[in-house]
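Q: Curious how this folds, go ahead:
(2 chains)
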Amino acid sequence: MSALEQSLAIEELRTKVAALEQEAASLEEQNQGLRRMLKEQDDDEVYIVVDTENNRLTLRQGDTVLLNAVVGTGSRQFIEEETGRNWFFESPMGSLTVLGKERNPVWIRPDWSYVEENMPVPAENDPDRIVREVLGKYALILGNGYKIHGTKYTDLLGTHFTHGCVSVGDKDLEVLYRTVKIGTKVYIY
Amino acid sequence: MHRTEHSLIPVVIVIMLSILLLGMQGKSPEDIERQRLIEQQTKLSERIASLNHEQEFLLMQKAFYASDSKYILLDLPTRTGMLKFRNRVLRTFAFSTTAGKRPFSRNTILKMTAKTDGNERKRTLLFGDALLIQPKRSSSVAGSDVRVPRILVGSKDFAALYYAVEQGTMLYVGK
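A: Next up, the predicted model:
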């Protein structure tokens, strides 16, 4: 290789290296922007996760687990009324929000509760529907009749025994009630 | 005695210089510069590949932060996985691996192609022919499956994953 050829080859290499340096710098800048954007979306909010397969509830804040609770979730059973009305008792899946918080919640017995026990369904505003002290001391309202609440049947926690609500033991329920706010996200899967 | 030692010093220096010069034989400043540039080029190419992988991952996260689909992240070096929804961690789990005849595709995004049914020990999550996720005490290794690398997770974690994901669920295998 002549001196001129050698010099040209080196120049070509320098150009390539400069282009690569520019490409790396540009990628680094783009990635930094993406990282910043993702970080902005990573808030420090507390959220609830319910694993319906294993009947576990986790209260999380970012990557930190604040509470791990054994819970009861929907029984996955199906009932049908003579008229053809039917119900499938499954916990609601997906992304929900705590819409309200209650102390000493009252259970308004829905129609399926009577159908399930082969009882006549009373009128909608029948006072017989009001049942106290079965949902524990607190409840977190998720909407469409679903709640995270306490239970009298603590020996059933860890199984699929509810009509769709998430049942929690007393101590865990108290932690949940005190920690979560209205608007807290609940992810049920 | 002292005189002999002193007289040896220049000889040793000459020998060492000769060795040094022999080593540098044929290495002109241009050669040295070219070598330096080639090494720099290699390093930069590696850095760009790594930044491209990172960008792919960041773009995937950006897309998932805005979507309504759950997704799985697997970190091979730490053997930990995460089931995520948007920016939220739904579950973290440990896993072990068994190498198939094909290597793990790293820094790769895979799509779940099927879920096999059956009793708990036979259930599998299939990501094409790139990866399988199975419970640790899995009994199903079909003839064709042995070629595919497997991720083995505890039975409770597997049960949760099995019901949480669906065909089309995305998975990212890191590093």
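
Q: tell me the contacts of residue 136?
A: I went with chain A, as the question did not name one. By C-beta atoms under 8 Å, 6 or more residues apart in numbering or on different chains, the residues touching A:Gly136 are A:105, A:149-151, A:168, A:170, A:173. Every C-beta, even on glycine, is put in place using the N, C-alpha and C of the backbone.

Q: Hmm, no, I was thinking of chain B.
A: B:Lys136 is in contact with B:96, B:152-155, B:158, counting by C-beta under 8 Å, 6+ apart.

Q: ok, now B:Leu126?
A: Counted by C-beta under 8 Å, 6+ apart, B:Leu126 has contacts B:112-116, B:132.

Q: Would the longest strand anywhere in chain B count as contacting chain A?
A: As assigned by DSSP state E, the longest strand anywhere in chain B is strand B:88-98. Yes. Contact of strand B:88-98 with chain A (C-beta under 8 Å from any C-beta of the partner chain) involves B:88-92.

Q: Chain B versus A:Thr15, what's the distance?
A: Distance, A:Thr15 to chain B, using C-beta to the nearest C-beta, to the nearest Å: 10 Å.

Q: for A:Arg60, same thing?
A: Per C-beta to the nearest C-beta, A:Arg60 is found 6 Å from chain B.

Q: That residue: how many residues sit nearby?
A: Residues lying near A:Arg60 (other C-beta atoms under 10 Å in any protein chain shown) number 21.

Q: what's the answer for B:Met82, then?
A: Residues contacting B:Met82 under the criterion other C-beta under 10 Å number 16.

Q: and it, what helix or strand is that in?
A: Under DSSP states H and E, the secondary-structure element containing B:Met82 is strand B:80-85.

Q: name the helices or strands packed onto that strand?
A: For strand B:80-85, the packing partners by 3 or more C-beta pairs under 8 Å, 6 or more residues apart in numbering or on different chains; DSSP states H and E come out as strand B:70-75, strand B:88-98, helix B:155-164.

Q: In JSON lines, list these along with mean neighbour count.
A: Formatted as JSON lines, those follow (neighbours: other C-beta atoms under 10 Å in any protein chain shown):
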{"stretch": "strand B:70-75", "mean neighbour count": "21"}
{"stretch": "strand B:88-98", "mean neighbour count": "18"}
{"stretch": "helix B:155-164", "mean neighbour count": "20"}
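
Q: so can I have JSON lines of these showing mean pLDDT?
A: Conversion of those to JSON lines gives the following (pLDDT from 0 to 100):
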{"stretch": "strand B:70-75", "mean pLDDT": "95"}
{"stretch": "strand B:88-98", "mean pLDDT": "94"}
{"stretch": "helix B:155-164", "mean pLDDT": "94"}
